[in-house]
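J.: Quick one: sequence and predicted model below, then my questions.
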Amino acid sequence: MSGSPAGVVVVGAGLGGIRVAESLRANDYTGPITLIGAETHPPYDRPPLSKSVLLGDDDRVDLKPAEFFAESSIALRTGERVSAISPDDHTVTIERLDDPAHSETLVYDTLILATGLLPRPLPGTDEIAGVHVLRTVDDALALRADAESATRAVIVGAGFIGCEVAASLSARGMTVTIVEPAPTPLAAALGEQIGALVTRMHKERGVDVRTGIGVDEVLTDGSRVRGVRLADGSEIDADIVVVGIGSTPVIDYLDGSGIEVAAREFGGGIACDQHGATSVPDVFALGDVANWRDEDGQLRRVEHWTHTVEQATAVAHRVTGSDAMIPASAPYFWSDQYGLKIQVLGSPRATDDVHVVDDDGAKFLAYYSRDGILTGVVGAGKVGAVMKTRAKLLTPTPISEVLG
Ligand SMILES: Cc1cc2nc3c(=O)[nH]c(=O)nc-3n(C[C@H](O)[C@H](O)[C@H](O)COP(=O)(O)OP(=O)(O)OC[C@H]3O[C@@H](n4cnc5c(N)ncnc54)[C@H](O)[C@@H]3O)c2cc1C
């Protein structure tokens, strides 16, 4: 090897990948940075996919203007996939998607993995026209194109993405049914009490919310979907079925690398310490694919935008040895449904005590507590009130103090 540095190789040109590359430059890292992305698009933002892109207001929201990459000396390689890692040699193997026979080896000094998730499909539905998942801009544009000529949609799964797609398709004028085995939408994340308020939000817009029951079978007319059969034998007609039943971390390329993967019961993904270091020297992971230890040493994998950005900053600091302070922050994410911003601040759990302090029939605000201590706040259309709680979530605050 010559004396010139191999630099940083970032695998995954999504939110986490671009943000860590940008933060490295902001921390005055001057070595080569190569950003490798399996999609053919430059880094773009995913939250708009289920919102403004489905509504037809945007086609793609890029995270950086095209000139950013040359100006920042970041070599962006799209349409290329890392298929293997060899930590002993400090190399990755890269395949071109349009020419799988061609492969290349790239040397790294530091490797950062930000490969995100793949949506979980409903088994056996891959080949059925009209059945969609939503992770990429290509998924979103395909769903939107299909929705142009469709009138009835069934959404399988009432997590955040399912709920947002239901809201967007209903705003497009479609007849929408949500099917969810849990007792309410968002039950696993926020509990049934808030889930019931979210159910109300959807029902008021005419969306049919079928909870406590799953989809047994996707029905077809030859090759195209015509509906679903539920576990009780009832059928719902549909021109489109959108599957939002969760995602799995993209880690296939780790095979044989020795990089430790977290067990499924701990969330899966790439196991990391509290600062994003994997089990192998000079290799870090961040974003949706990464499972960092929290302050209590517990593995915790999070699939949210702000979390990814914060991890990207932290990894860039670690790689460059920066001792700049990262301000303390409470975990945060949001969801947009029917023009209302649902915000979740802190670490509320479905099993926490829930205190709904404001509910005008549309907007609401609730605090969460565990053992008498505030754990989080959830608001719909309550941006100011949610954000005001931020400082209280950084130190143990008795819920009695918050409720007054
Ligand atoms: C539809 C949708 C709506 C969302 N809305 C919200 C929201 O409202 N609020 C919120 O907080 N969060 C939201 N999120 C979550 C947020 O977008 C993610 O947390 C964030 O994108 C994670 O960034 P990432 O870099 O970890 O992964 P990604 O953005 O998924 O980027 C990973 C990239 O790595 C690439 N890749 C994978 N394997 C390889 C490989 N072997 N070689 C090269 N490249 C590879 C992938 O193709 C992908 O482009 C939403 C997500 C989706 C899908």
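T.: On my side now, so go ahead.

J.: any idea which element residue 384 lies in?
T.: helix 383-388 (DSSP states H and E).

J.: I'd like to check what contacts that helix. Which residues are they?
T.: Applying Cβ atoms under 8 Å, 6 or more residues apart in numbering, the contact partners of helix 383-388 are 341, 343, 345, 358, 365, 377, 378, 379. For the C-beta atoms, the positions are set from N, CA and C on the backbone; glycine is no exception.

J.: ok, then the element right after whichever strand or helix holds the second one?
T.: Same thing as residue 343. For residue 343, the host element (DSSP H and E) is strand 340-346. Sequence-wise, the next helix or strand downstream of strand 340-346 (DSSP H and E) is strand 353-359.

J.: buried stuff in that following strand?
T.: 354, 355 (16 or more other Cβ atoms under 10 Å).

J.: strand partners of it, parallel vs antiparallel please.
T.: In the sheet, strand 353-359 lines up against strand 364-370 (antiparallel) (DSSP bridges).

J.: which residues touch the partner strand?
T.: 193-194, 197, 346, 348-349, 351-359, 374-382, 385-386, 389, 399, 402-403.

J.: For the residue in the stretch 101-250 of the chain that the ligand sits nearest to, which residues are in contact?
T.: Closest to the ligand within the stretch 101-250 of the chain is residue 116: 2.5 Å, counting by Cβ to the nearest ligand atom. Contact partners of residue 116, counting by Cβ under 8 Å, 6+ apart, are 12, 14, 16, 135, 249, 250, 287, 288, 289.

J.: Would you confirm that the first one contacts residue 111?
T.: No. Using Cβ atoms under 8 Å, residue 12 is not in contact with residue 111; the gap is 11.1 Å.

J.: give me the number of residues near the nearest residue to residue 212 once chain neighbours are set aside?
T.: Spatially, and ignoring its direct neighbours in sequence, residue 212 is nearest to residue 183 (5.7 Å; Cβ to Cβ, 6 or more residues apart in numbering). For residue 183, the count of nearby residues is 13 (other Cβ atoms under 10 Å).

J.: does residue 183 really touch residue 198, like I thought?
T.: No. Counting by Cβ under 8 Å, residue 183 sits too far from residue 198 to count as a contact (11.8 Å).

J.: which one is the closest residue to the ligand within the stretch 151-300 of the chain nearest to, not counting chain neighbours?
T.: Taking Cβ to the nearest ligand atom, the ligand has its nearest neighbour within the stretch 151-300 of the chain at residue 287, 2.2 Å off. Setting aside the residues directly before and after it, residue 287 is nearest to residue 16 in space (Cβ to Cβ, 6+ apart), at 3.1 Å.

J.: Alright, that wraps it up for me.
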